[in-house]
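1. no sequence for this one, just the structure:
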Ligand code: HEC
């Protein structure tokens with residue numbers, strides 16, 4: 001028993017040396033997105049508290065991100081999230097892609113899939129009230145029209 005405990009401790013210590021690269025960007029990485037889609041203040045606040053940690057080039061890490069394997073798990077989440085939607089990369093999406101990203105955004109908000117539950121368990125402030133959900137949807141539907149492809153949903 002003692003031997004197994006020692007081995008596990010050694011394993012735990014060893015994995016601490018494998019640190020995933022952090023998603024950190026101090027620059028003005030959201031300027032393109034903000035300028036073009038022009039979210040009102042209340043929507044900006046929602047995006048900041050509920051979405052940017054995973055869907056932008058800058059994550060504000062909690063202290064426990066310093067501990068493996070949590071750090072690996074968070075890193076994978078951010079990687080997957082950015083592969084689907086990286087708001088810091090807005091300028092590099094085509095009009096068609098922007099239209100599609102907003103359509104997906106509308107869907108995940110309507111279906112309350114985002115922000116991820118694992119995230120709102122620890123980030124209470126990221127939970128969306130019905131009013132906040134309505135505000136982000138209103139902005140997203142209006143903005144989607146900017147990209148001029150197809151009618152607005154509803
Ligand atoms: C904790 C990280 C996290 C947070 C916070 C988060 N997302 Fe996501 N998001 C993901 C991951 C991971 C995916 C990839 C798909 C999946 O695994 O569910 C994703 C996928 C998406 C997609 C693509 C869905 C599709 O159909 O392909 C959209 C759109 C999206 N998120 C919007 C948002 C919005 C808007 C917010 C804020 C209200 C948000 N997300 C907050 C992690 C997050």
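-> Ah, there it is. What you see is a predicted model, and the numbers here were worked out from it, not measured in a lab.
2. where does the protein have its least confident helix or strand?
-> Lowest on mean pLDDT, DSSP states H and E among the helices and strands of the chain sits helix 117-122, with a mean of 94.
3. and residue 107, how many neighbours?
-> 13 (other CB atoms under 10 Å). For every residue, glycine as well, the C-beta is placed using N, CA and C.
4. repeat for residue 4
-> The number of residues packed near residue 4 is 8, by other CB under 10 Å.
5. Tell me the confidence at it?
-> For residue 4, the pLDDT comes out at 96.
6. What strand or helix carries it?
-> In this assignment (DSSP states H and E), residue 4 forms part of helix 2-15.
7. How far does that helix sit from its chain's centre?
-> 34 Å (CA atoms, centre = their mean, to the nearest Å).
8. quick one: the helix or strand following it near the ligand?
-> Going down the chain from helix 2-15, the next helix or strand is helix 31-37, by DSSP H and E. No - shown here: helix 31-37 not in contact with the ligand (CB under 6 Å from any ligand atom), separated by at least 12.0 Å.
9. Just the buried residues of stretch 52-59, please?
-> Judged by neighbour count (16 or more other CB atoms under 10 Å), stretch 52-59 contains these buried residues: 52-57, 59.
10. Which of those lies at the shortest distance from the ligand?
-> Closest approach to the ligand among those (CB to the nearest ligand atom): residue 54, at 3.0 Å.
11. quick one: the closest one and residue 81 touch, right?
-> Yes - the pair formed by residue 54 and residue 81 meets the contact definition of CB atoms under 8 Å, at 3.7 Å.
12. Please list the residues of the chain that sit near the ligand.
-> The chain has residues 50-51, 53-55, 77, 80-81, 84-85, 104-105, 108, 114-116, 119 near the ligand, with proximity defined as CB under 6 Å from any ligand atom.
13. Which members of the residues you listed are classed as buried?
-> 50-51, 53-55, 77, 81, 85, 105, 114-115, 119.
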